[in-house]
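K.L.:
No sequence on hand, only this structure:
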């Protein structure tokens, strides 16, 4: 059976990405939550912070929580997965987390997944290395069924705004590599590509990148 997964770059923050499931990662030793995890926590009124404060999970490798977003995100379901200690995060853990995200989305029968795995400054790993690790993790996931089946998955990569142009160039380069037949890379057209980075001075009513816990 031929696997099929499509990779594309999200040009919106995680809460505005249209997907069946959103996937964020959390370091065990990073409090308050930062980046997209902080944005998600803000949008969900501190639900991630509450889980952490209650020690129902702490962000260790292999831990994950499935949370209904109840309108806080466009994706109706959120998977928050642990990455362990930030200092020990490396390409192999990035690869394993990508594989885990795909497998969890597959078990939920999701057709689209918004994946936040590539936060700026994640360890000392450069963007291209993180993207390559993610691609290997996706390719290492078990078969997802033929193109057009219910098990096909559209994977939308969510990266920090400053890294979107470089991620876009990476996607263009990867598309010409001759990937396995089940992997498709989608690159925005010229009009969409102009939206990858907001114009200088543009303002938006978005939550802060660092969300302090809302639950005392």
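P.N.:
Happy to help now that I have it. These numbers were taken from a predicted model, which means no experiment stands behind them. Residues are numbered from 1 along each chain as shown.
K.L.:
Please, where are all the strands along this protein?
P.N.:
5-9, 21-27, 64-68, 77-84, 112-118, 153-159, 183-185 (DSSP state E).
K.L.:
Out of those strands, which is the most enclosed?
P.N.:
When those are scored by mean count of other CB atoms under 10 Å, the highest mean neighbour count falls to strand 21-27 (a mean of 27). In short, each C-beta sits where N, CA and C put it, glycine included.
K.L.:
How far off centre is it?
P.N.:
For strand 21-27, the separation from the chain centroid amounts to 6 Å (computed by CA atoms, centre = their mean, to the nearest Å).
K.L.:
Tell me who's in contact with residue 72.
P.N.:
By CB atoms under 8 Å, 6 or more residues apart in numbering, the contact set of residue 72 is 15, 40, 43, 44, 45.
K.L.:
So what does it have for phi and psi?
P.N.:
phi -70, psi -30 (degrees, to the nearest 10).
K.L.:
State the distance from it to residue 94.
P.N.:
26 Å (CB to CB, to the nearest Å).
K.L.:
Now do the lengthiest helix in the chain against strand 21-27: the angle between them, please.
P.N.:
In the chain, with assignment by DSSP state H, the single longest helix is helix 91-107. For helix 91-107 against strand 21-27, the angle by axes from the mean of the first three to the mean of the last three CA atoms, to 10 degrees is 150 degrees.
K.L.:
Give me the distance between helix 91-107 and the centre of its chain.
P.N.:
Worked out by CA atoms, centre = their mean, helix 91-107 lies 10 Å from the chain centre.
K.L.:
on contacts alone, who are the packing partners of it?
P.N.:
strand 21-27, strand 77-84, strand 112-118, helix 127-140, strand 153-159 (3 or more CB pairs under 8 Å, 6 or more residues apart in numbering; DSSP states H and E).
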